[in-house]
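S.K.: what's the 3D shape of this:
(one chain, ligands or ions: 1)
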Amino acid sequence: MSTRIAFLKGHGTENDFVIVPDPENALDLSPAAVAALCDRRAGIGGDGVLHVVRSAAHPEARAMAGEAEWFMDYRNGDGSIAEMCGNGSRVFARYLQHAGLVSEGDVAIATRAGVKTVHIAKNGDITIGMGRARLPEGDVTVAVGERSWPARNVNMGNPHAVAFVADLAHAGDLRTAPPVSPASAYPDGVNVEFVVDRGPRHVAMRVHERGSGETRSCGTGACAVAVAAARRDGADPAVTGTPATYTVDVPGGRLVITERPDGEIEMTGPAVIVAEGEIDADWLAQTLD
Ligand SMILES: N[C@@H](CCC[C@H](N)C(=O)O)C(=O)O
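M.R.: Numbering: from 1, shown residues only. Okay, here's the model as predicted:
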């Protein structure tokens, strides 16, 4: 009988993940293995993988082990590595709670973008402290077909280009990554958000994610959108001295983002574990041949 590898499936506003608990970092989770797991026809299916590892057991997280016991080793659906995943961190915290590894309240999680504090409420949503946005200088343009828009470069640990558009349909089918120029603004690739207004401090977005394609939600993207919208609306908390809260509708649900005058950003939304199972290790090994 072949070896089995435990997995779970979870999502946050329908940004879905294959969760692979591997406390001692014993699995060789190569890019090809991640892509095979995320394949929606031949694999389990997901926008990415949440590899759950003890910080002390992972070379990229060892230095954070004193602050956060668990490291979110996040991978995009194509197997590439990303610095941060906002929805993933809520689902990661939900998994830790589900597995009895943490209780409700505040939990520190190590990520490639540093240690994040996640608050698990008694019932319902999870809030994560996302840290501060960086807004690199320089004009950026996003194009789809004949249309193009000026965009805001926002870094939430990972890179985003936020374009305000008249109609979300103008983003097209998003089967391929929309060109962003100049390419030099994003040497490591970029996540692209298209945004429309829904009401006061209420927007809706679609996203094309680096390494995953169009997804039903992107947490870091929603934060980037809230930051860009606040600058556009003259509601920059650092200038007004008051927090700015935006409701961001995504195709898979709703996220609420607050930026405080000190620049700290909090994101609140759901996180759900939907299934548990076992991966056939022989199948996974064959996918790599
Ligand atoms: N869906 C995520 C972002 C995942 C990483 C992104 N695709 C990248 O490469 O930066 C989120 O919820 O933030």
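S.K.: tell me where the model's unsure across the protein.
M.R.: 1, 289 (pLDDT under 70).
S.K.: what parts of it come near the ligand?
M.R.: 15, 76, 82, 85-88, 158, 191, 209-212, 215, 218-220 (Cβ under 6 Å from any ligand atom). Any C-beta I mention is one placed from the backbone N, CA and C, and that applies to glycine too.
S.K.: the stretch 151-289 of the chain: helices as residue ranges?
M.R.: Assigned by DSSP state H, counting those that start in this stretch, the helices in the stretch 151-289 of the chain fall at 219-232, 237-240, 281-287.
S.K.: then the first one to CSV, C-alphas only?
M.R.: Okay, so that is helix 219-232. In CSV, the C-alpha atoms belonging to helix 219-232 read as follows (Å, rounded to 0.1, in the frame of the first residue of the first chain):
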residue,chain,number,x,y,z
GLY,A,219,-6.8,39.4,0.3
THR,A,220,-3.6,41.4,-0.3
GLY,A,221,-5.3,42.7,-3.5
ALA,A,222,-8.3,43.9,-1.6
CYS,A,223,-6.0,45.7,0.9
ALA,A,224,-4.1,47.3,-2.0
VAL,A,225,-7.4,48.4,-3.5
ALA,A,226,-8.6,50.0,-0.2
VAL,A,227,-5.3,51.8,0.1
ALA,A,228,-5.5,53.1,-3.5
ALA,A,229,-9.2,54.1,-3.1
ALA,A,230,-8.4,56.0,0.1
ARG,A,231,-5.6,58.0,-1.7
ARG,A,232,-8.0,58.7,-4.6
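S.K.: report the buried residues of that helix.
M.R.: 219-231 (16 or more other Cβ atoms under 10 Å).
S.K.: the shortest one too?
M.R.: Neighbour counts over helix 237-240 (16+ other Cβ under 10 Å) mark Pro237 as buried.
S.K.: surely Cys223 and Ile265 touch.
M.R.: Yes. Contact status for Cys223 versus Ile265: in contact at 5.3 Å, counting by Cβ atoms under 8 Å.
S.K.: who touches both of these two?
M.R.: Between them, Cys223 and Ile265 share these contacting residues under Cβ atoms under 8 Å, 6 or more residues apart in numbering: 130, 133, 156, 257.
S.K.: what sits against Arg210?
M.R.: Neighbouring residues of Arg210 by Cβ under 8 Å, 6+ apart: 76, 80, 82, 158-159, 177, 189-191.
S.K.: Gly138: which element?
M.R.: Following DSSP states H and E, there is no helix or strand that holds Gly138.
S.K.: just to revisit the earlier point, closest to Pro150 among the contacts of Arg210?
M.R.: Comparing the contacts of Arg210 against Pro150 with Cβ to Cβ places Val190 closest, at 14.7 Å.
S.K.: quick check: closest non-adjacent residue to the closest one.
M.R.: Pro159 (4.8 Å; Cβ to Cβ, 6 or more residues apart in numbering).
S.K.: out of the contacts of Arg210, which is most surrounded?
M.R.: Asn191 (27 neighbours; other Cβ atoms under 10 Å).
S.K.: and Pro136, what does it touch?
M.R.: So Pro136 contacts 153, 155, 185 (Cβ under 8 Å, 6+ apart).
S.K.: wait, a helix at it?
M.R.: No. Counting by DSSP: H, G, I helix; E, B strand; the rest coil, Pro136 is located in no helix; its state is coil.
S.K.: if we can go back for a sec, same list (the helices of the stretch 151-289 of the chain) but as CSV, adding distance to His11.
M.R.: Converted to CSV, the helices of the stretch 151-289 of the chain look like this (distance: least, Cβ to Cβ, whole Å):
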stretch, distance to His11
helix 219-232, 12
helix 237-240, 30
helix 281-287, 22
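S.K.: closest one to Ile5 among these?
M.R.: Between these, helix 281-287 lies closest to Ile5; by Cβ to Cβ that is 5.5 Å.
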